[in-house]
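Undergrad: No letters, just coordinates:
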């Protein structure tokens, strides 16, 4: 009985195993995989020169639905050149900021005519290659685009997205364009083909030309998109290709007529164009519903009006049936609602489960869930804040820097005039000089309070410039008065108070996710695209300079020097950690500058207790810790890596060539900034004043350094940090300048005090 039961159970078990294996084999059947793959589609609709307000207008009901059901974000439209179509579309296809060409719209069918030759003949003459069989569209200017890249390897590779798709076995298609009739012939304006082409300028399937144009009897342009024909073309493309780019041209034609017609006429035509576009998008959603489709509605380039208004970000919608809804984000920006144009290509590749090439700097986009019921309104507010920062950052920062220069030059001039006053001048003149000195001291404190004020004002980034400036002045006044109130404790107490508050506030902001820094005019400009997260070079310099002088002043004031030095060392170590962390400060050059500056200062403070060998050992341990951060970051998934990890991986892949490129790029950037940025002026003025004080008035600096020995060691720490920042940071002059500002104020103060003591 038992044997028979076991035999039956074994038979049932074997049947289950066979059934399971057959199901597994079916699931792994290549033909079934192909059928699933054929159902995967990405449709990218290019609609140029529109703002988020345009998409949120009442004419765009389908767009409202897509924004509600999908992901919505503001896209940085930065390129390696200007924000024009010629560059922006090549950038999207490269996944890295890139450059286009004057003829970037020359994408032709092999049989289309150009300069009395067929597109296929021109392509063969220019590239030396025959048009491969099965290729529908050829980019005739691909040799120029490749030559531009060969001459500047720091920019993106044209056609890298299409190349990666072709290598992965996926097909591409391009539909539409912004063609127009000119002198009885067709002017080819198919810039969007650069998004989908491969590195040889080839697209598998294309529907372009006059058949997609129709007469616009009532519009301000005579010929425009035939949206019915575009819809039919899309249906054909869905059966032929996996990645399809649809370039609409009416918004381009509309903007070309903006300056030729009245404002009311233009706005009425704009409404009509938006309505037609919205109807096309509604039909498109119906056409793609039988596929597993990712739809991207992209505005590659801001309009002239947007650029004039300093609005350099454009809207981006990512929609998938029954997909996630919320705000777009990416590893590039780490900011809710903000992405980069370089993130589009990695997102497309990720959808097809393809690896992202190292030549792409973007990261795949994700959708962060939100409780916001009106996402467009929320992002419009964010856009206004970004516009405010982009518009007023330069003039306000220049005003602050100019104030620093005037104060330093004025203080040096006053000291020169008042030199020897106690011997040669009358008491009334001495009283006037003392009043001038008091005024300079107050001005030094006021300007010392500016960085902290600008950090606090990150809580109010506009939109009213008048209110913003008023709040700045009030905040500076309050901080200056508070600093003066504690001046009786010790001459350095006001600086210790302001600089400690500044360094502490930056530390708290970093722990909080840097919300104030991100929205401060002294922080980084997201529209510029140089940095989106972590700590920028301006506040990095502020943090290091404020921390060193604050701790040096605190040691001077403190009765327990040893305990204060221990506290300072812990505080410095925490700053190095936060700067180096890929999840917090993400500033490699800043962490090295901090390591050197803090290290020199601590060595000078403890020179009797720490031998040079032990000091170097401690420095080596900290440096190893910084390298460990970078290696850890490099080991993360590509989408999570910061630029630390990307740099390490690039060095692994390209070796010494990559290191050479990094050094050359950093050097070129620093030389450029030293020549053109106003920060270099204030740095040179402070440097000149510091050197001057060592030699004149004779003995004053020596006396001051003797009177404040710990502050003197803090000065040397700042000097060391400035030099290191200049060497290791892309824009090191900025960090060096903001760092040196915190040395200048107390330096001038103690020289003034020394001069008064000589009277």
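TA: Structure received. What you see is a predicted model; the values in this text were computed from it and never measured.

Undergrad: Quick one: the strands in the stretch 301-450 of the chain, in order.
TA: Here the stretch 301-450 of the chain has its strands, by DSSP state E, counting those that start in this stretch, at 313-320, 326-330, 338-340, 365-368.

Undergrad: where does the chain have low pLDDT?
TA: In the prediction, the chain carries residues with pLDDT under 70 at positions 1-38, 419-430, 607-612, 614-615, 618-619, 622-623, 625-670, 672-674, 696-701, 756-759.

Undergrad: Please repeat the previous calculation with a cut-off of 50.
TA: Scanning the chain for pLDDT under 50 picks out the ranges 1-37, 423.

Undergrad: Leaving out chain neighbours, which residue sits closest to the residue nearest the centre of the chain?
TA: Of all residues in the chain, the one closest to the mean position by Cα atoms, centre = their mean is residue 529, 2.9 Å from it. Of all residues not flanking residue 529 in the chain, residue 78 sits nearest, at 3.9 Å (Cβ to Cβ, 6 or more residues apart in numbering). Bear in mind the C-beta positions are built from the backbone N, C-alpha and C, glycine included.

Undergrad: just checking, the one you found touches residue 97?
TA: Yes. Here residue 78 reaches residue 97: they are 6.0 Å apart, a contact under Cβ atoms under 8 Å.

Undergrad: which residues are common contacts for those two?
TA: Listed contacts common to residue 78 and residue 97 are residue 91; contacts here mean Cβ atoms under 8 Å, 6 or more residues apart in numbering.

Undergrad: Quick check: which of the strands of the stretch 301-450 of the chain has the most neighbours on average?
TA: Comparing the strands of the stretch 301-450 of the chain by mean neighbour count (mean count of other Cβ atoms under 10 Å), strand 338-340 comes out on top with a mean of 28.

Undergrad: by contact count, what packs against that one?
TA: For strand 338-340, the helices and strands in contact under the criterion 3 or more Cβ pairs under 8 Å, 6 or more residues apart in numbering; DSSP states H and E are strand 71-76, strand 326-330.

Undergrad: if you set the cut-off to 6 Å instead, what comes out?
TA: Other helices and strands packing on strand 338-340, by 3 or more Cβ pairs under 6 Å, 6 or more residues apart in numbering; DSSP states H and E, are strand 71-76.

Undergrad: For the helix or strand that contains residue 714, buried residues please.
TA: Assignment of secondary structure by DSSP states H and E places residue 714 within helix 709-728. Judged by neighbour count using 16 or more other Cβ atoms under 10 Å, the buried positions of helix 709-728 are 710-728.

Undergrad: Can you verify the residue nearest to the centre of the chain is assigned to a strand?
TA: No. Residue 529 sits outside any strand when classified using DSSP: H, G, I helix; E, B strand; the rest coil, being coil.

Undergrad: That one reaches residue 80, doesn't it?
TA: No. With contacts counted by Cβ atoms under 6 Å, residue 529 stays clear of residue 80, the gap being 11.0 Å.

Undergrad: contacts for stretch 467-481?
TA: Here stretch 467-481 makes contact (Cβ atoms under 6 Å, 6 or more residues apart in numbering) with 445-446, 449, 453.

Undergrad: right, I mislabeled it, should have said stretch 67-79
TA: Residues external to stretch 67-79 that are found in contact with it (Cβ under 6 Å, 6+ apart): 83, 87-88, 91, 97, 301-302, 313-314, 316-319, 325, 328, 337-341, 367, 375-376, 379, 383, 529.

Undergrad: what's the first-to-last distance across it?
TA: Using Cα to Cα, to the nearest Å, the end-to-end distance of stretch 67-79 comes to 26 Å.

Undergrad: got the contact list for residue 536?
TA: Under the criterion of Cβ under 6 Å, 6+ apart, the contact partners of residue 536 comprise 523-524.

Undergrad: ok and whatever helix or strand residue 541 lives in relative to helix 709-728, angle-wise?
TA: Assigned by DSSP H and E, residue 541 belongs to helix 537-557. An angle of 160 degrees separates the directions of helix 537-557 and helix 709-728 when computed by axes from the mean of the first three to the mean of the last three Cα atoms, to 10 degrees.

Undergrad: which other helices and strands contact helix 537-557?
TA: Contacts defined by 3+ Cβ pairs under 6 Å, 6+ apart place helix 537-557 against helix 493-512, helix 561-580, helix 588-605, helix 709-728, helix 732-758.

Undergrad: So for residue 416, which of the ones you listed sits nearest?
TA: Proximity to residue 416, assessed across those by Cβ to Cβ, is greatest for helix 732-758 (10.2 Å).

Undergrad: Tell me which residues of that closest one come out buried.
TA: Along helix 732-758, these residues count as buried under the neighbour rule (16+ other Cβ under 10 Å): 732-755.

Undergrad: got it, and stretch 39-52?
TA: When burial is assessed from 16+ other Cβ under 10 Å, stretch 39-52 yields the following buried residues: 40-52.

Undergrad: can you check stretch 244-257 too?
TA: For stretch 244-257, the buried set under the neighbour-count rule, 16+ other Cβ under 10 Å, comprises 244-255.

Undergrad: again, but for stretch 468-487
TA: Of the residues in stretch 468-487, those buried by neighbour count under the rule 16+ other Cβ under 10 Å are 468, 471-472, 475-476, 479-480, 483.

Undergrad: Residue 262: neighbour count?
TA: Counted with other Cβ atoms under 10 Å, the burial measure for residue 262 works out to 9 neighbours.

Undergrad: in which helix or strand would I find residue 173?
TA: For residue 173, the host element (DSSP H and E) is strand 172-176.

Undergrad: Listing partners with orientation, what would you give for the next helix or strand after that strand?
TA: Stepping forward along the backbone from strand 172-176, the first helix or strand reached (DSSP H and E) is strand 180-182. In its sheet, strand 180-182 lies beside strand 185-187 (antiparallel), with partners assigned from DSSP bridges.
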